[in-house]
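Only the shape, not the letters, is given here:
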C-alpha cells in the first residue's frame, strides 16, 4: 500500500514569528502616528486647569507654526547638524581608508577601533553634562587656560553663539564619528582587493584610488550614513537641551525643532505639537528622497550611458 505522505507546510510559521513585530508596531507606532496627524487639525491645549478642545480648526495650526519662529529653529537645527556632520564624515572617511590600507601597516588597530567607538557608548545626556562641567566659567578648561597665561579672564563658552554651537557640534561629532568609521571600514573591506591591485598596476596614486574607486563603490553605505544622519539631525534634542538648560541660549540660537516641539508638549498644546511633528515627517521624507536620488547609481556598469551615446551616433 502506498502511504500518502503528509505535506508539512512551514510557511505559516514565518508569519507567526513576525506577527509580534507587526502587532507591536501597530500598537506603539502606527496608532500614535495616526493620532498625531489627527490632532494636528484640532485645537487641543490646556489653559491652567481648563482643557480646551479638541475642536476641529483645519490648517490653522500649520499656518500658526509658519508665522512663529519655527523657520528660525529649523535654521538653527541645520547649522548645528552641519557643524557636527561635516567633520564627522571627513574624519570617518580618512580613518576608514587608513585602517583598511594594508600598505600603512598600522599597529594596534583593534585598540584604536575600540577607542574611537567608546564615545558612542556614552549616553548623550552624560556627555552633555560632562561638557557643561568642563566648559563652564569655573570649569577645568578655563582654569587650564588661565594657568597657562593664554587668557586673563574666564571665557564664557556658553554665553556666545559661536561657543555654544561649536560645543554642540563637537559633542555630536565625538559621539558618532566612531560608529560612522566602523560602518565605512566594513564597506571598504567589502571591495575586492583585486580592484585595488589592478589600480596600482595601472599607476593610480592614493588620491585617485580614493576618489575614483573607493568612494563610488561605497556609495550605498554613504547614502545610508547620510540619511540616518539627517534623521538624527532633525531629531537633535538631548545635547542642546541639557547644555542650555532647555532655553536654547544665547538668544535661542541653539533651539532646535525638537526642543520647540518639546516646549509645546510641556504646555499641553497637543494640536501645535502634532502639526510640528507632521512638518518634521514631511521634511525628513523629502530630504531622504533627495539624498537617495543623488547617491543612487542607476547605471553602475555604464551600459545605459553607452546605449545613449550609440543612439546619438546613429542619428548623426
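All right, it came through fine. The structure presented is a predicted model; accordingly, all values stated were derived computationally and were not measured.

Output the contacting helices and strands for the helix or strand harbouring residue 279.
Under the assignment given by DSSP states H and E, the secondary-structure element containing residue 279 is helix 270-295. The helices and strands touching helix 270-295, judged by 3 or more Cβ pairs under 8 Å, 6 or more residues apart in numbering; DSSP states H and E, are helix 31-39, strand 42-47, helix 60-67, helix 70-100, helix 219-234, helix 257-266. Every C-beta, even on glycine, is put in place using the N, C-alpha and C of the backbone.

Report the angle between it and strand 42-47.
Taking axes from the mean of the first three to the mean of the last three Cα atoms, to 10 degrees, one finds helix 270-295 and strand 42-47 inclined to each other by 130 degrees.

Now do helix 270-295 against helix 257-266, angle only.
Here helix 270-295 runs at an angle of 160 degrees relative to helix 257-266 (the same axes, to 10 degrees).

So which of the helices and strands packed on helix 270-295 is nearest residue 173?
Each of those was checked against residue 173 via Cβ to Cβ, and the shortest separation belongs to helix 70-100, namely 4.9 Å.

which strands and helices sit next to the closest one?
Packed against helix 70-100, as judged by 3+ Cβ pairs under 8 Å, 6+ apart, are the following elements: helix 109-117, helix 161-189, helix 219-234, helix 257-266, helix 270-295.

Generate JSON lines for these, with mean neighbour count and mean pLDDT as supplementary columns.
Written out in JSON lines, the entries for the helices and strands packed on helix 70-100 read as follows (neighbours: other Cβ atoms under 10 Å; pLDDT from 0 to 100):
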{"stretch": "helix 109-117", "mean neighbour count": "13", "mean pLDDT": "85"}
{"stretch": "helix 161-189", "mean neighbour count": "20", "mean pLDDT": "91"}
{"stretch": "helix 219-234", "mean neighbour count": "17", "mean pLDDT": "89"}
{"stretch": "helix 257-266", "mean neighbour count": "19", "mean pLDDT": "91"}
{"stretch": "helix 270-295", "mean neighbour count": "17", "mean pLDDT": "90"}
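
how about the nearest residue to residue 244, chain neighbours excluded?
Take residue 244 and drop its neighbours on the chain: the residue closest to it by Cβ to Cβ, 6 or more residues apart in numbering is residue 254, 5.5 Å away.

I'd assumed the one you found was in a strand, is it?
No. Looking at residue 254 with DSSP: H, G, I helix; E, B strand; the rest coil, it is coil, so not inside a strand.

can you pull the contacts of it?
By Cβ atoms under 8 Å, 6 or more residues apart in numbering, the contact list for residue 254 reads 76, 80, 161, 164, 165, 168, 240, 243, 244, 248.

Could you rerun that using 6 Å?
With contacts taken as Cβ atoms under 6 Å, 6 or more residues apart in numbering, residue 254 has the following neighbours: 164, 240, 244, 248.

Redo the helices and strands packed on helix 270-295 as CSV? Include distance to residue 151.
Below are the helices and strands packed on helix 270-295 laid out as CSV (distance: least, Cβ to Cβ, whole Å):
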stretch, distance to residue 151
helix 31-39, 48
strand 42-47, 47
helix 60-67, 42
helix 70-100, 23
helix 219-234, 32
helix 257-266, 31
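
List just the one of those that sits closest to residue 293.
For residue 293, the closest of those is helix 219-234, at 9.7 Å, according to Cβ to Cβ.

Figure out how far the closest one is from the centre of its chain.
With Cα atoms, centre = their mean, to the nearest Å as the basis, helix 219-234 stands 6 Å off its chain's centre.

other SSEs contacting whichever helix or strand comes after that helix?
Proceeding C-terminally, helix 219-234 gives way to helix 238-243 as the next helix or strand, assigned by DSSP H and E. Taking 3 or more Cβ pairs under 6 Å, 6 or more residues apart in numbering; DSSP states H and E as contact, the helices and strands that helix 238-243 lies on are helix 124-134, helix 161-189.

one more time with 8 Å, if that's ok
Applying 3+ Cβ pairs under 8 Å, 6+ apart, one finds that helix 238-243 contacts helix 124-134, helix 161-189, helix 257-266.

can you put those helices in JSON lines and add distance to residue 41?
Putting these into JSON lines (distance: least, Cβ to Cβ, whole Å) gives the following:
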{"stretch": "helix 124-134", "distance to residue 41": "33"}
{"stretch": "helix 161-189", "distance to residue 41": "34"}
{"stretch": "helix 257-266", "distance to residue 41": "15"}
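
Tell me which of these lies nearest to residue 50.
Using Cβ to Cβ and comparing the helices and strands packed on helix 238-243, the one that lies nearest residue 50 is helix 257-266, at 17.1 Å.

Contacts for that closest one next, please.
Among residues not part of helix 257-266, those counted as contacts by Cβ under 8 Å, 6+ apart are 69-70, 73-74, 77, 234-237, 240-241, 246, 248, 270, 272-273, 276-277, 280.

Sweet, I'm off.
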